[in-house]
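1. Please find the sequence and the predicted model below.
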Amino acid sequence: MAGGLVALLDDVAALARLAAASIDDVGAATGKATAKAAGVVIDDTAVTPQYVRGLAAERELPIVRRIAIGSLRNKLLIILPIALLLSQFLPWLLTPILMVGGAYLSYEAMHKIWGAISGHGAHDHDEDGPRDEDTVVAGAVRTDLILSAEIMVIALDTIAAEGFWSRLIILAVVAVVITVLVYGVVGLIVKMDDIGLRLADTSSGIAQTVGRGLVKGMPKVMAVLSVVGTAAMLWVGGHILLNGIDELGFHPIYEFVHHMEDAVHDVAGIGGVLAWIVNTLASALIGLVVGSIVVAMMTGVSSLLAKRRGGAVAQEH
């Protein structure tokens, strides 16, 4: 009896060690996957603050919270199951789906740029209307869907050798960690001016100086972030397309960009930075071209539909 109990305890101990090792492996893989997706995380953080710009201060955090919930829903309920199923049964579909998302991001960026150039880019916000808030959140969550998809697919590619259940756990953890990180930083950014006001009301001279600086500087920071966010959409969208066309078998563009990266990579001290700049500019250029084409197509379709509606109304009268 005692021998059986000892054997059972040995088996339990062995299982515990195996479970601990598995948890360590999952933790390491999660860290690796999260780090791999860090580039897109930075872009996501830059893109989101523009959606609360110009809204009432008391609505900023509620909107960020709603966007964060939508982002988590995107990752856990839409992207995660689709990515896992496709990677398991139809892995070749992941690239075309991502490329559609890249084209959409490029379109969104060019639509904003064209609106700014033509003077039709400003949106009227009713600061007390729920419809306006719903529109802001819906637009942000749509954009987040594409950025989140790339984050999750990059993470999935990093852990492709793991088993199905390990991949599921790792991607779920990555989804939560990334969402908390991104929207925690976004919430801090959008409330920085309020923090500045509180500091300006303190008795400390240094705190008052810092507070006034934050209050004066944050509108400029938000304006810069809006520009950076638009540029990030172009870069990420173009980068998805650049990698996608290479994976689908058309190599000349990717090889040309890679050759340009190699040409500057060995420059002493700044080679890595220069290579990143080359890739970023090339990706943004691709996003610019594709986004312009999609904007032109959408504008043409909208004009055609407007003419048809106008003709139908004229016939009725």
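-> Arrived safely.

2. quick one: buried residues of the helix or strand encompassing residue 182?
-> Secondary structure assigned from DSSP states H and E places residue 182 in helix 164-190. Buried residues in helix 164-190, counted by 16 or more other CB atoms under 10 Å: 166-167, 169-171, 173-175, 177-179, 182-183, 185-187, 189-190. Using the backbone N, CA and C atoms, a C-beta is placed for each residue, glycine as well.

3. Which helix or strand lies directly C-terminal to it?
-> Along the chain past helix 164-190, the next helix or strand (assigned with DSSP H and E) turns out to be helix 192-200.

4. That next one packs against which elements?
-> Packing partners of helix 192-200 (3 or more CB pairs under 8 Å, 6 or more residues apart in numbering; DSSP states H and E): helix 205-247.

5. tell me which strands and helices the helix it packs on is in contact with?
-> In terms of contacts (3+ CB pairs under 8 Å, 6+ apart), helix 205-247 is packed against helix 38-47, helix 94-118, helix 130-158, helix 164-190, helix 192-200, helix 252-265, helix 271-316.

6. how big is the angle separating that helix from helix 130-158?
-> 60 degrees (axes from the mean of the first three to the mean of the last three CA atoms, to 10 degrees).

7. and the nearest residue to residue 267 once chain neighbours are set aside, what is it in contact with?
-> Closest residue in space to residue 267, ignoring its immediate chain neighbours: residue 274 at 5.7 Å, by CB to CB, 6 or more residues apart in numbering. Residues in contact with residue 274, defined by CB atoms under 8 Å, 6 or more residues apart in numbering, are 264, 265, 267.

8. from these, which single one is nearest residue 204?
-> The shortest separation between residue 204 and any of these is 46.3 Å, and it belongs to residue 267 (by CB to CB).

9. Just the element for the closest one, please.
-> Short version, using DSSP H and E: residue 267 is in no helix or strand.

10. any idea how far residue 183 is from it?
-> Between residue 267 and residue 183 the distance, using CB to CB, to the nearest Å, works out to 37 Å.

11. Could you do residue 191 as well?
-> Applying CB to CB to residue 191 and residue 183 gives a distance of 12 Å.

12. what's the answer for residue 76, then?
-> Residue 76 sits 14 Å away from residue 183, going by CB to CB.
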